[in-house]
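Trainee: A structural model of the following input is requested.
(chains A, B, C, D, E and F)
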6 protein chains.
Amino acid sequence: MSELNLPDFPESLMTDSPKSGFALAIKLARLGVKATQPDMAVLKKLRPKYANDPDSLTSASHVIAAHFQTVAAANNWWREEERGDEQ
Amino acid sequence: MSELNLPDFPESLMTDSPKSGFALAIKLARLGVKATQPDMAVLKKLRPKYANDPDSLTSASHVIAAHFQTVAAANNWWREEERGDEQ
Amino acid sequence: MSELNLPDFPESLMTDSPKSGFALAIKLARLGVKATQPDMAVLKKLRPKYANDPDSLTSASHVIAAHFQTVAAANNWWREEERGDEQ
Amino acid sequence: MSELNLPDFPESLMTDSPKSGFALAIKLARLGVKATQPDMAVLKKLRPKYANDPDSLTSASHVIAAHFQTVAAANNWWREEERGDEQ
Amino acid sequence: MSELNLPDFPESLMTDSPKSGFALAIKLARLGVKATQPDMAVLKKLRPKYANDPDSLTSASHVIAAHFQTVAAANNWWREEERGDEQ
Amino acid sequence: MSELNLPDFPESLMTDSPKSGFALAIKLARLGVKATQPDMAVLKKLRPKYANDPDSLTSASHVIAAHFQTVAAANNWWREEERGDEQ
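Mentor: Model prediction:
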């Protein structure tokens, strides 16, 4: 399969904390947008529209949630047995 | 990966009850919105619009549901064997 | 984490039947709405709009479906071995 | 939890075939709609609108897909070892 | 449960390849539409609208994705151990 | 089941990295669109509309996220034990 241009794509879905996993989910959501519209100048131009529309923001949050499901499962939900030092 | 500014992000997805897990899901849904629009003043200005639009409210509830799936799985659904004292 | 005001939140996701689980999913979907708009008077005022819009009803049903996935998994899908007396 | 009026709710998510499971998913999607709008006369009046709008139909199909995920998992996807006589 | 008219519904979710599984997911998405609008003449009439609207196409693709999750899980993702001869 | 015309469909969901898996998810999202609108000339004509609409881009990213859930699960999330050489 000829691959798309996906620079900076993470080598692994493993992260050391839920917070880093959430940041990865955000990154994946944005990479999904760039896959369809790779022109950063266009994306920048569109930003004022969606960043000020509550429904657009909720939709963006939904995509992050979908990726966070994947990343959290990949990391076995950062369960306590593997961390043990928190909460 | 350069991380976003995600202050107050929980250290763990573990919670002591479904209720706390639901509160965490709500928090994650909001952090997903803030990831795209970090300006709290803008978010406050948008609130009257989405908080009075039933479809916006349903969409927000959907994002919470997606995160609650993740948090509930992380906590093994707070199953009875680990609690035993309710229902 | 400072918790939201979530009165009447169930102590457990365990239910004795798929029907009770579905009722719980409906409740969770509504709690997700109330998390964003806690003012019951506003919610009551919005009701005629979404309750008569087929797309709003379908969206509400979608959120219930997402929560039912969670509740059903929590209950191991109320599989026969644990019930044995039906179907 | 005071339960909603959900007559005819199935006693079990177990079905004898994918086809029956799909029919159950359709039923659950409709029960999700009725949970928000229980008035059958209203639902009947709304039908011409959504039944002739392709996006409404796709959304309805999406809710069915979500419930089918649940029902299929409940039935262990009707895997061959439990049926053995097909395909 | 009185079943809907679902002719040609597959006897099994098992398929011999990801490709056949994807075709099955497409079929399930369409059956979900037909469950709400069984009149093929109406569906044919609606086609020009959604087949030329990019958002309608994306929504249709989303439903297929949801069903493909189900079908792929049913087939244990057609993992290599069960095939061994590809990639 | 008579299959759709799905040329270039991958033989396997297995990929050697998250990046290749994400590329596969993008491909599956597009194949879902082509299943409904196979005419490439039409798809090309529609591109300016959705590629410049932030909500369309977010929706496309959501479909990719759904497929990435499937592909990541298929690959056991490319967990470290199977790779060991990264992060």
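Trainee: CA atoms for contacts and neighbours, from now on please.
Mentor: OK.
Trainee: contact residues of chain A facing chain F?
Mentor: A:1, A:3-4, A:6, A:9-14, A:29-33, A:35-37, A:42, A:46-47, A:49-50, A:56, A:59-60, A:62-63, A:66-67, A:69-70, A:74 (Cα under 8 Å from any Cα of the partner chain).
Trainee: helices - which of those land there?
Mentor: A:29-33, A:35-36, A:42, A:46-47, A:49-50, A:56, A:59-60, A:62-63, A:66-67, A:69-70, A:74 (DSSP state H).
Trainee: any chance of a PyMOL selection covering the buried ones in those?
Mentor: To isolate the buried ones among those in PyMOL, judged by 16 or more other Cα atoms under 10 Å in any protein chain shown, type:
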select buried, chain A and resi 29+30+31+32+33+35+36+50+56+59+60+62+63+66+67+69+70+74
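Trainee: which of the ones in helices among the residues of chain A next to chain F come close to chain E?
Mentor: When Cα under 8 Å from any Cα is applied, no member of these is adjacent to chain E.
Trainee: correct me if wrong: A:Ser56 contacts F:Asp55.
Mentor: Yes: here A:Ser56 reaches F:Asp55: they are 6.2 Å apart, a contact under Cα atoms under 8 Å.
Trainee: distance check, A:Ser20 against chain B.
Mentor: A:Ser20 is 7 Å from chain B, where distance means Cα to the nearest Cα, to the nearest Å.
Trainee: what strand or helix carries that residue?
Mentor: Applying DSSP states H and E as the criterion places A:Ser20 in helix A:18-36.
Trainee: give me the nearest residue to A:Phe68, chain neighbours excluded.
Mentor: Spatial nearest neighbour of A:Phe68, excluding adjacent residues (Cα to Cα, 6 or more residues apart in numbering or on different chains): A:Ala25 at 5.1 Å.
Trainee: who's in contact with that neighbour?
Mentor: A:64-65, A:67-68, A:71 (Cα atoms under 8 Å, 6 or more residues apart in numbering or on different chains).
Trainee: ok, it to A:Lys19 distance?
Mentor: A:Ala25 sits 10 Å away from A:Lys19, going by Cα to Cα, to the nearest Å.
Trainee: for chain B, what's the nearest residue on chain A?
Mentor: A:Ser61 (4.4 Å; Cα to the nearest Cα).
Trainee: wait, what's in contact with that residue?
Mentor: Listed by Cα under 8 Å, 6+ apart, the contact partners of A:Ser61 are B:29-33, B:63.
Trainee: nearest to chain C, of those residues?
Mentor: Taking those together and measuring to chain C by Cα to the nearest Cα, the closest member is B:Val63, at 8.6 Å.
Trainee: do you know how far the closest one is from F:Ala35?
Mentor: 28 Å.
Trainee: next: A:Ala60.
Mentor: 25 Å.
Trainee: quick check: the farthest pair among the contacts of A:Ser61?
Mentor: B:Leu31 and B:Val63 (11.2 Å; Cα to Cα).
Trainee: A:Thr58 against B:Thr58, yeah?
Mentor: No: A:Thr58 is beyond contact range of B:Thr58, at 10.2 Å (criterion: Cα under 8 Å).
Trainee: so who does the closest residue to A:Gln69 other than its chain neighbours touch?
Mentor: Nearest non-adjacent residue to A:Gln69, counting by Cα to Cα, 6+ apart: B:Thr70, 5.5 Å away. B:Thr70 makes contact with A:68-69, A:72 under the criterion Cα under 8 Å, 6+ apart.
Trainee: export these as TSV, with columns for pLDDT.
Mentor: Below are these laid out as TSV (pLDDT from 0 to 100):
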residue	pLDDT
A:Phe68	98
A:Gln69	98
A:Ala72	98
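Trainee: tell me the residue of chain A that sits nearest chain D?
Mentor: In chain A, the residue that lies nearest chain D is A:Ala66 (13.8 Å; Cα to the nearest Cα).
Trainee: just the pLDDT for that residue.
Mentor: At A:Ala66, the model reports a pLDDT of 98.
Trainee: residue contacts, it?
Mentor: B:66, F:62, F:65-66, F:69.
Trainee: and A:Asp16, how many neighbours?
Mentor: By the measure other Cα atoms under 10 Å in any protein chain shown, the count of residues near A:Asp16 is 10.
Trainee: can you check A:Asn76 too?
Mentor: Using other Cα under 10 Å, A:Asn76 has 14 neighbouring residues.
Trainee: cool, A:Pro48 as well?
Mentor: A:Pro48: 12 neighbours (other Cα under 10 Å).
Trainee: just for chain A, where's the confidence low?
Mentor: Applying pLDDT under 70 to chain A flags residues A:1-4, A:81-87.
Trainee: if you set the cut-off to 80 instead, what comes out?
Mentor: A:1-7, A:80-87 (pLDDT under 80).
Trainee: which among the contacts of A:Ala66 gets closest to chain E?
Mentor: The nearest member of the contacts of A:Ala66 to chain E, counting by Cα to the nearest Cα, is F:Ala66 at 6.1 Å.
Trainee: so how far is A:Gly32 from A:Pro38?
Mentor: 10 Å.
Trainee: next one: A:Ser12
Mentor: 17 Å.
Trainee: ditto for A:Ala66
Mentor: Using Cα to Cα, we find A:Ala66 at a distance of 12 Å from A:Gly32.
Trainee: ditto for A:Pro48
Mentor: Distance check for A:Pro48 against A:Gly32: by Cα to Cα, it reads 19 Å.
Trainee: could you do A:Asn76 as well?
Mentor: Taken as Cα to Cα, the span from A:Asn76 to A:Gly32 is 23 Å.
Trainee: and for A:Ser17?
Mentor: Taking Cα to Cα, one finds A:Ser17 at 23 Å from A:Gly32.
Trainee: can you tell me what sits against stretch A:5-22?
Mentor: Contacts for stretch A:5-22 (Cα under 8 Å, 6+ apart): A:24, A:31, A:35, A:64, A:68, A:71-72, A:74-75, A:77-78, B:1, B:3, B:6, B:9-13, F:17-19, F:77-80, F:86-87.
Trainee: narrow the residues you listed to those that are buried.
Mentor: Those of the contacts of stretch A:5-22 that meet the buried threshold are A:24, A:31, A:35, A:64, A:68, A:71-72, A:74-75, A:77-78, B:6, B:9-10, B:12-13, F:17-19, F:77-80, by 16+ other Cα under 10 Å.
Trainee: and A:Asp39, how many neighbours does it have?
Mentor: Per other Cα under 10 Å, the neighbour tally for A:Asp39 reads 11.
Trainee: got the residues of chain A near chain B?
Mentor: A:10, A:17-20, A:23, A:26, A:51-55, A:57-62, A:64-66, A:68-69, A:72, A:76-80, A:86-87.
Trainee: before we move on, the earlier item: what is the nearest of the contacts of A:Ala66 to chain C?
Mentor: Nearest member of those to chain C, counting by Cα to the nearest Cα, is B:Ala66, at 6.9 Å.
Trainee: ok so, going back, now for A:Ser56 and F:Asp55: what residues contact both?
Mentor: A:Tyr50.
Trainee: quote the end-to-end distance of stretch A:34-46.
Mentor: 13 Å.
Trainee: which other residues reach it?
Mentor: A:4, A:6, F:26, F:51-54, F:57, F:60.
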